[in-house]
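Q: have a look at this fold, sequence not included:
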């Protein structure tokens, strides 16, 4: 394998398994075999450091809620202030997670957790920061473990039970929402269960509740202990039994594997025979391994077909991938946090605020005429502190509107150009555009792009100034939106 091909494969691996690599990271990795690089990505992700913006005793316990009542009436001003403070905590959680992603040390774990955030889509109800903090940490802790452990843990998270209304699921008055989504979105996929299965599973999940302090609790007095028939089996099943049945079903392995494949390998539906064959083989391995996520991902990242040219540049970066990748690549720090929320909201992906229980649709759905323009201008906003004239689209979501800054934004950032430029110190001036493109883009520069980029350089620039202007120009190309 020639040096250029190895560099391209390394850049592609870092972009798909994480959020991209710095020039130094890619240079070091390109000197090793791909298998060793993949093993290092897993090793770097072994340690999990929890996100923490709120302590458990800060949560809205019943005692705290009583503080909102005066003379037997709800104090609306105090309630409004509590909502504002809670919204700020969720915003801080969002930003802290972005920081962890951008740090790059555990990039694979954070990328997997981002995937699971879209799969186990959950948004803050009542803007409860503790519940969302616990949910996020559960995703991150279990992101590379066994899918069964992750499924059980997320299903028992107060944030999820609240979001899917299982607190209202009681004996003699079952609420089917939680049971339906566990089957349709989390395990089997639509059409692989019956309405009867949902009704009976809902009965099994009665009693799965949570305390105001954020603890899962099983309340026997409201659990339906009667006999149920689920997937053709009869018994006095409870929630854990339903989860076990779902994991026994090979369709769960097939459904999860297909979603992972589409996120990490090839966007879109399974139309090509080759993709279907690969997914079938991966699903069989996944099932036989006891749903070992790390084993599945290692197989994907070390397979020759993963690096097939048809997959390269075929994935559109999500807004979070775009923002985090830019931050990691150039060591970008924002002087104020609000612009990062502005970017997420303008481009349609705010962490902890998925549009619905199905999560973000992804793929070509990330792009429309207004978002594409903002995406391509984003490097100038971030790197040159240009004033932003774009306004976030009105999504009708009062929750995300509370996060947004009114009026135009201006990004004040610090960029670590020194570290970025080091690798290019000995590159001849004429070769700089192509050398930078190898790091930043999924494809080599075309002659017309080379000319366009060079035309944006100004006469008399110092070497650092030339590297910086070329970098901003390359990041403004449509190809930078792809991995």
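A: Now that the structure is in, tell me what you want to look at. Since the model is a prediction, treat every value here as computed from it, not as a measurement. Numbering: from 1, shown residues only.

Q: residues in contact with stretch 456-466?
A: Residues from elsewhere that reach stretch 456-466, judged by C-beta atoms under 8 Å, 6 or more residues apart in numbering: 417, 421, 429, 432, 469-470, 473. All C-beta atoms are positioned from the backbone trio N, CA, C, and that covers glycine.

Q: average pLDDT across that stretch?
A: For stretch 456-466, mean pLDDT rounds to 92.

Q: start to end distance for that stretch?
A: 9 Å (C-alpha to C-alpha, to the nearest Å).

Q: how about the contacts of stretch 456-466 in TSV, adding distance to residue 453 and pLDDT?
A: Converted to TSV, these look like this (distance: C-beta to C-beta, whole Å; pLDDT from 0 to 100):
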residue	distance to residue 453	pLDDT
417	18	97
421	17	96
429	13	94
432	9	97
469	9	95
470	6	97
473	5	97
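
Q: may I see the ChimeraX selection of the buried members of those?
A: What follows is the ChimeraX syntax for the buried subset of these, where burial is set by 16 or more other C-beta atoms under 10 Å:
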select :417,421,432,469,470,473
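
Q: turn the contacts of stretch 456-466 into TSV, columns for distance to residue 293 and secondary structure.
A: Below are the contacts of stretch 456-466 laid out as TSV (distance: C-beta to C-beta, whole Å; DSSP: H, G, I helix; E, B strand; the rest coil):
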residue	distance to residue 293	secondary structure
417	37	helix
421	37	helix
429	46	helix
432	40	helix
469	42	helix
470	39	helix
473	39	helix
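
Q: quick check, nearest of the contacts of stretch 456-466 to residue 455?
A: Of all the contacts of stretch 456-466, the one with the least separation from residue 455 (C-beta to C-beta) is residue 473, at 8.8 Å.

Q: residue 453 is in contact with the closest one, correct?
A: Yes - shown here, residue 473 and residue 453 form a contact pair, counting by C-beta atoms under 8 Å, at 4.8 Å.

Q: run through who's touching stretch 118-129.
A: Residues outside stretch 118-129 that contact it (C-beta under 8 Å, 6+ apart): 53-54, 59-60, 83, 86-87, 89-90, 92-93, 131-132, 135, 139, 154, 157-160, 162-163, 185-186, 256, 259, 263, 352-354, 356-360, 362, 399.

Q: what about those residues, which are in helices?
A: 83, 86-87, 89-90, 92-93, 131-132, 135, 139, 154, 158-160, 162-163, 256, 259, 263, 399 (DSSP state H).

Q: give me the buried entries from those residues.
A: Using 16+ other C-beta under 10 Å, the buried members of those are 86-87, 89-90, 92-93, 131-132, 135, 139, 154, 158-160, 162-163, 256, 259, 263, 399.

Q: neighbours around residue 231, how many?
A: Applying other C-beta atoms under 10 Å, we find 18 residues neighbouring residue 231.

Q: and it, what does it touch?
A: Per C-beta under 8 Å, 6+ apart, neighbours of residue 231: 193, 197, 245, 249.

Q: look up the closest residue to the first one, ignoring the ones flanking it.
A: Right, the one you point to is residue 193. Of all residues beyond its chain neighbours, the one nearest residue 193 is residue 183 (4.7 Å), with distances taken as C-beta to C-beta, 6 or more residues apart in numbering.

Q: that concludes my questions; thank you for your assistance.
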